[in-house]
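Peer 1: Below are the sequence and a predicted model; questions follow.
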Amino acid sequence: MKIKLNKCKFALGMLLWFMIAIIVCVLIGAICYFCYYKPSFTDAEQMSFWQFIIQPREHQAFFWGIFSSVLGVVFTFYSIRPIFSMSEVLARDNNGRLRFQITNKLWFADLSNVSIEMYYVRHEDKNNDERYIPIVLREDNVSIIRSRLDGQQACNYIGFTEAGFLWDSRYDVIRFRVIATHSITGVVRVIEKEYTQKNIGRGVFRDGKFVAYESLYPTTSCKTWHDDIKKRCHAIWEVNENVLPILQSSKTLFPISPEAYNAAKQELEKLQNDPIKKAYFPCLVQNADTLASMLEKINELKALNITNLNPDNKKKRDDIVNKLNGYLVFLTQEMDEDVWNFYKNDNRG
C-alpha cells in the first residue's frame, strides 16, 4: 500500500512540474508574440501606455526576450527547488538533549539525502576570524523526509544531540545547516540558521510545533502544569544542571573545580537516598545500579582531572565521559517517563 502511494505521489509530482513547464513556455511564447507580431500604431498620441510597451520595436523585442528568458529560468528554478524550514527555536528536553525540527513544505515530493550540521560559532575580536566546534548529533544524515501529502508527522523530522546539552559560554551562536535534495528533480538546496541562547526553550516538538513544558501537561481546570508536575520536571532539570557541567568541562580540557564534582555527587546521592525523590520517580529503585555506576565513574573522572593528559589517560577520560553521558540520558529518560505516567494517572483520577 505504501509503495502504491509513493508511486502515485511521484506521478502527481511529475505531472505538476510538466504543467509548470508548459505554463512557462506559453508565457514566453505569448510575450514574444506581442513583441514581434502586434500591429504597430501610427499615431503615437492615440497609444495607451501598454500599447506603447508592446510596440514591435527592435530594442523592445530584445528587452522582452531577455526579460522573459530570465523570468522563465527564475520561475522554473523556484518551482523545482526543495522547500523546507527549520524550527524557530531549539528545544531542550527533560533528557537534557537539544532537539530541532526540519519541515518539508512540498506537497508532492520528498526531501532526500538530508545532511544536518550543527556548530558552536564565535568571532575573534582582533581579526574577526570564525572559530567553531561541532555539536555531535544522534543522526547527521537522514535518507528521506516525506512530503506534506503523507501527513503532519511524516513531513516533520525531529532530531537531537547525542548527549546532554549545556550552553557553552565561550561561543556566541549555534549555527544550524541543512542540505537537502528534491526527490524528483534532484535540485539541492542549503539553508543555514543561527540561534542564540535566547532561542533555546525547555520543551518538545508536537504536531509540528514547539510546546513548552508549562503547556505540555494541561489539566481539566488549567491549561498549564500544576505544582506536582512542576516539581518533578524541576527535579530532572537539577540532575542535568549538576552533572552535565563536569562532562562538558572534561571535553574542553578545562579544569573542573572540586565544587562541581561535589555538586554532581550530592545530586546523585539525593536520588539514591531521598525518600521524596524516590516517591516522585519509581524508576530510581529499579535503576539503583545505574546510580551506583554513575558515582563510580565520577570518582574515576576526578582521578584523571589533570592538566597534561597523555594519550592513554585521554582515551580513558573520553570513555568515562561517554559512559556517564549514556547513563545520564538513560536515567533522565526513565524519570521523564515516570512524570508522564503520573500525569496520565492523575488525569484519570
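Peer 2: Okay, I see it.
Peer 1: Extract the C-alpha trace of stretch 237-247 and format it as PDB.
Peer 2: Listed in PDB are the C-alpha atoms of stretch 237-247, where the atom choice follows Å, rounded to 0.1, in the frame of the first residue of the first chain:
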ATOM      1  CA  TRP A 237      16.500  19.600  35.400                       C
ATOM      2  CA  GLU A 238      18.500  19.700  38.600                       C
ATOM      3  CA  VAL A 239      20.100  16.400  37.800                       C
ATOM      4  CA  ASN A 240      21.200  17.700  34.400                       C
ATOM      5  CA  GLU A 241      22.300  21.000  35.600                       C
ATOM      6  CA  ASN A 242      24.600  19.400  38.300                       C
ATOM      7  CA  VAL A 243      26.100  16.500  36.300                       C
ATOM      8  CA  LEU A 244      26.500  18.000  32.800                       C
ATOM      9  CA  PRO A 245      29.000  20.700  33.700                       C
ATOM     10  CA  ILE A 246      31.700  18.200  34.700                       C
ATOM     11  CA  LEU A 247      31.100  16.300  31.400                       C
END
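Peer 1: Could you pull up the mean pLDDT of it?
Peer 2: Here stretch 237-247 scores 92 as its mean pLDDT.
Peer 1: ok, now stretch 87-107?
Peer 2: In this model, stretch 87-107 has a mean pLDDT of 93.
Peer 1: Dump it to CSV, restricted to CA.
Peer 2: Only the C-alpha atoms of stretch 87-107 are listed here, as CSV (Å, rounded to 0.1, in the frame of the first residue of the first chain):
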residue,chain,number,x,y,z
SER,A,87,12.3,25.4,13.7
GLU,A,88,12.4,28.9,15.0
VAL,A,89,13.6,27.6,18.4
LEU,A,90,15.6,24.7,19.7
ALA,A,91,14.0,22.6,22.4
ARG,A,92,15.8,21.3,25.4
ASP,A,93,14.0,18.2,26.7
ASN,A,94,13.9,16.5,30.1
ASN,A,95,16.7,14.3,29.0
GLY,A,96,19.0,17.3,28.7
ARG,A,97,19.3,16.9,24.9
LEU,A,98,18.8,19.6,22.4
ARG,A,99,16.1,19.0,19.8
PHE,A,100,15.4,20.6,16.4
GLN,A,101,12.8,20.2,13.7
ILE,A,102,13.0,20.2,9.9
THR,A,103,9.8,20.6,8.0
ASN,A,104,9.3,19.5,4.4
LYS,A,105,6.9,22.0,2.8
LEU,A,106,6.5,20.3,-0.6
TRP,A,107,3.1,18.6,-1.3
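Peer 1: Please state the offset of stretch 256-268 from the chain centre?
Peer 2: 31 Å (CA atoms, centre = their mean, to the nearest Å).
Peer 1: Contacts for it, please.
Peer 2: 238-239, 242-243, 245-246, 249-250, 291, 294-295, 298, 302, 305 (CB atoms under 8 Å, 6 or more residues apart in numbering). C-beta coordinates here come from the backbone N, C-alpha and C atoms, glycine included.
Peer 1: can you list the weak-confidence ranges in the stretch 201-349 of the chain?
Peer 2: By pLDDT under 70, the low-scoring segments of the stretch 201-349 of the chain are 250-254, 305-309, 349.
Peer 1: Would you check that residue 184 makes contact with residue 107?
Peer 2: No. At 11.7 Å, residue 184 does not count as touching residue 107 under the criterion of CB atoms under 8 Å.
Peer 1: quick one, which of these two is more surrounded?
Peer 2: Taking neighbours as other CB atoms under 10 Å, residue 184 and residue 107 compare with residue 184 leading, 21 against 15.
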